[in-house]
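Chemist: just need the structure, nothing else, for what follows:
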Amino acid sequence: MSHSIKDIAAALGAQAFGAVDRLITSVQEPARAGPDDLALAMDVKYAESLSSGKARAAMVWEGADWEAMGLDAAIIPKRARFAMAPLTALMDQGQGFGAGIHPSAVIDPSAELADDVSVGPLAVIGPRAKIGAGSVIGPQCYIGMDVTIGKDAYLREQVSIGARVRIGERFIAQPGAKIGGDGFSFTSAEKSGIEAVRESLGDQQETEAQLWTRIHSLGSVVIGNDVEIGAITTVDSGTIRDTVIGDGCKFDNMAQIGHNVRIGRDCMICGHVAVAGSTVVGNNVVLGGMTGVTDNIFIGDRVITGGATKILSNVPAGRVMLGYPATQMDKQLEIYKLIRRLPRLFRDVTALKNQTSDDSKD
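Modeler: Model (predicted):
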């Protein structure tokens, strides 16, 4: 697959200069780029390594003297980072999943698939499932009974969708994503030690040994349009009502969304994030990697958390949070600076005590 410089620029809404009919077969970092590659030199620091490669064309920044870099052609976008989206979409060679339905796939007769749906080897599609036009169901995927998936879905290998899950259009799921497993919900005949600790904030009363009894998940999961779920990420079904993921949300790998959670639109959930049951997350929220969120709280619109933040109480809209327990980022950084000064403070206090002791002897 090859594209001319002018065609690539047109797809990016960018300007093309020089030998615009030159054909490009792939995209590479400057030091590794060959004559048929488009080098990504969108910053001065990246352009410095062009001489280590053999690129004849590059995507560069506004105002760059591309001819002085020894290039035959250049593409100059308005915003380089944003141009990466259409560029990678244009050059993506995909996973090589074949069209049509593989003979090893198992599809219940009552399932409804649009004519152009692709189903890979060993995939299973359950009773009354409905899959929209243009969707790709990868190898070894499982689609449960009464699942609805909108058009243009793209499920990579070994994705699992539990019964009654409803998913909008243009859904993407990376390998091993699991949607609609039972929630982590158990109870005991007597008040548990966990409940006692929660009520007393650590002053636990002595309790008897207890057995855990499962609370079944009667709800399911509802996912909006344009949602992407990362590899090995899990979204649990609701206990009574559904777990809900809003339009435009993007999930990194290995995130965990508990039962009854409601997440608004256009949120970004990074790797290893865990959101406990019945928490409500607003719109345009970004949860940094390894953020942990306790259950039954509210996170307002546009909240951003730094990596490894632990949220234990409600967060108002617009806050930037960091630390454990989470505090506003500027306050957390101030606290961190003060903690670093503690050894010096203790040395100074010890010196003052010693001096005071010596003075008292005199």
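Chemist: so which bits of stretch 13-30 are buried?
Modeler: Neighbour-count burial for stretch 13-30 flags 14, 16-20, 22, 24, 27-30 (criterion: 16 or more other CB atoms under 10 Å). C-beta: built from backbone N, CA, C; applies to glycine.
Chemist: from the residues you listed, which land in helices?
Modeler: Residues of the buried residues of stretch 13-30 located in helices (DSSP state H): none.
Chemist: any idea which of those residues is closest to residue 72?
Modeler: Ranked by distance to residue 72 (CB to CB), these are led by residue 19 at 4.5 Å.
Chemist: that closest one touches residue 74, doesn't it?
Modeler: No - counting by CB atoms under 8 Å, residue 19 sits too far from residue 74 to count as a contact (9.6 Å).
Chemist: before we move on, the earlier item: any idea which of the buried residues of stretch 13-30 is closest to residue 341?
Modeler: Nearest to residue 341 among those is residue 29, at 41.8 Å by CB to CB.
Chemist: ok, now how distant is that closest one from residue 37?
Modeler: Distance, residue 29 to residue 37, by CB to CB, to the nearest Å: 9 Å.
Chemist: thinking again about what came up before, which of the buried residues of stretch 13-30 fall within strands?
Modeler: Cross-referencing those against strands under DSSP state E gives 16-18, 24, 27-28.
Chemist: of all those residues, which comes closest to residue 159?
Modeler: Using CB to CB, residue 27 comes nearest to residue 159 of these, at 27.2 Å.
Chemist: would you put the C-alpha positions of the lowest-mean-pLDDT helix or strand in the chain in PDB?
Modeler: Sorting the helices and strands of the chain by mean pLDDT, DSSP states H and E puts helix 193-200 at the bottom, at a mean of 80. Once non-C-alpha atoms are left out, helix 193-200 reads as follows in PDB (Å, rounded to 0.1, in the frame of the first residue of the first chain):
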ATOM      1  CA  GLY A 193     -15.800  -7.000  59.700                       C
ATOM      2  CA  ILE A 194     -15.600  -4.800  56.600                       C
ATOM      3  CA  GLU A 195     -18.800  -3.000  57.500                       C
ATOM      4  CA  ALA A 196     -17.600  -2.500  61.100                       C
ATOM      5  CA  VAL A 197     -14.400  -0.900  59.900                       C
ATOM      6  CA  ARG A 198     -16.200   1.300  57.500                       C
ATOM      7  CA  GLU A 199     -18.500   2.600  60.200                       C
ATOM      8  CA  SER A 200     -15.800   3.100  62.800                       C
END
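Chemist: now find how far off-centre it is within its chain.
Modeler: The chain centre lies 33 Å from the centre of helix 193-200; the measure is CA atoms, centre = their mean, to the nearest Å.
Chemist: name the residues contacting each of residue 19 and residue 74.
Modeler: Common contacts of residue 19 and residue 74 (CB atoms under 8 Å, 6 or more residues apart in numbering): residue 57.
Chemist: out of the buried residues of stretch 13-30, who's nearest residue 88?
Modeler: When the buried residues of stretch 13-30 are ranked by distance to residue 88 (CB to CB), residue 27 comes first, at 7.4 Å.
Chemist: verify the contact between that closest one and residue 90 for me.
Modeler: No - here residue 27 does not reach residue 90: they are 9.2 Å apart, not a contact under CB under 8 Å.
Chemist: which neighbours do the two share?
Modeler: Counting by CB under 8 Å, 6+ apart, residue 27 and residue 90 have no common neighbour.
Chemist: could you work out the most separated pair of the buried residues of stretch 13-30?
Modeler: Within the buried residues of stretch 13-30, 20 and 29 form the most distant pair, 22.5 Å apart (CB to CB).
Chemist: point out where this structure drops to low pLDDT.
Modeler: Judged by pLDDT under 70, the chain has its weakly predicted residues at 204-207, 360-362.
Chemist: apply 80 and report the result again.
Modeler: Within the chain, the set of residues satisfying pLDDT under 80 comprises 197-198, 201-208, 357-362.
Chemist: how does it divide into domains?
Modeler: Segmentation of the chain into domains, based on automatic domain parsing, reads 3-91, 106-330.
Chemist: so which of the ones you listed is nearest residue 353?
Modeler: Among the domains of the chain, the nearest to residue 353 by CB to CB is domain 106-330 (31.7 Å).
Chemist: and the end-to-end length of that closest one?
Modeler: 55 Å (CA to CA, to the nearest Å).
Chemist: ok now that domain, how far from the chain's centre?
Modeler: 12 Å.
Chemist: where along the stretch 51-200 of the chain do the helices fall?
Modeler: Applying DSSP state H, counting those that start in this stretch to the stretch 51-200 of the chain gives helices spanning 80-91, 193-200.
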